[in-house]
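Q: how would this look folded up:
(chains A and B)
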Amino acid sequence: SQKIEQNSEALNIQEGKTATLTCNYTNYSPAYLQWYRQDPGRGPVFLLLIRENEKEKRKERLKVTFDTTLKQSLFHITASQPADSATYLCALGYSSASKIIFGSGTRLSIRP
Amino acid sequence: EAGVVQSPRYKIIEKKQPVAFWCNPISGHNTLYWYLQNLGQGPELLIRYENEEAVDDSQLPKDRFSAERLKGVDSTLKIQPAELGDSAVYLCASSGTGEEQFFGPGTRLTVL
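A: Predicted coordinates:
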């Protein structure tokens, strides 16, 4: 079965620096990969989607890369702010079945 | 636009009791999902509906869990009888024509 690995330990970053989160997967590559943000006590919120034929996607201070050879996606937050502190989940999507499989998430903490 | 609505937000019951969760998706979204999320883990799919049809319920423990989505709009997830291991957050999500999923705030279930 598919296995998704995200940084298991919390990531602590100084405000203003770039935060980089990793999502690795085994076995077959997904048709697309999504990143979600989740705050305590709330449901995940969609951030970005990148397809298997795309190398990079950007949205404001966010950037996602997708390397199907390495079976890895990197999620970057530039000029990080304390308000970016949250848990970030990657999710792999397969074909048009609308089914996605979530990783366990990485907790990001931005200190002032 | 209203988001995904879930109720109740919190529920505490004793083991062997029944419990039900309700979800109202975003208007016009045909696809509805129920997820289970344990602490420190990503959401795990329990069941996915396309309109009123359950198209993926392979992860739903059918001996005690049941779900329905009459008329293809709101949905109810039921557990009967509840077990200690069912304590978790139950998330509902919906999606329209794209792959992005919109999540509700979740119901935190505690089974004593």
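
Q: pretty sure A:N7 sits against A:T106.
A: Yes. At 4.2 Å, A:N7 and A:T106 qualify as touching, with contact defined as CB atoms under 8 Å. Where C-beta positions appear, they are placed from N, C-alpha and C, glycine not excepted.

Q: more neighbours: which of those two?
A: Taking other CB atoms under 10 Å in any protein chain shown, A:N7 and A:T106 do not tie; A:T106 has more neighbours (21 against 18).

Q: residue contacts, the more buried one?
A: Residues in contact with A:T106 (CB atoms under 8 Å, 6 or more residues apart in numbering or on different chains) are A:6-8, A:10-11, A:21-22, A:87-88.

Q: of these - the most surrounded one?
A: Among the contacts of A:T106, A:Y88 has the most neighbours (other CB under 10 Å), with 24 neighbours.

Q: which SS class is that residue?
A: On the three-state scheme (DSSP: H, G, I helix; E, B strand; the rest coil), A:Y88 is labelled strand.

Q: do I have it right that B:I26 meets B:G3?
A: Yes. If you go by CB under 8 Å, B:I26 and B:G3 touch, sitting 6.5 Å apart.

Q: report the beta-bridge partner residues of the residue nearest to B:D86 when sequence neighbours are not counted.
A: For B:D86, ignoring the flanking residues on the chain, the nearest one in space by CB to CB, 6 or more residues apart in numbering or on different chains is B:V111 at 5.3 Å. Listed by DSSP bridges, the beta-bridge partners for B:V111 are B:I13.

Q: next helix or strand past the helix or strand bottoming out on mean pLDDT in chain B?
A: Sorting the helices and strands of chain B by mean pLDDT, DSSP states H and E puts strand B:53-56 at the bottom, at a mean of 92. Downstream of strand B:53-56, the first helix or strand assigned by DSSP states H and E is strand B:65-68.

Q: what's the first helix or strand after that next one?
A: Next along the chain after strand B:65-68, with elements defined by DSSP H and E, is strand B:75-79.

Q: now that next one: buried residues?
A: Buried positions in strand B:75-79, judged by neighbour count with 16 or more other CB atoms under 10 Å in any protein chain shown: B:75, B:77, B:79.

Q: give the partner strands of that strand in its sheet and their orientations.
A: strand B:19-24 (antiparallel), strand B:65-68 (antiparallel).

Q: good, wrapping up.
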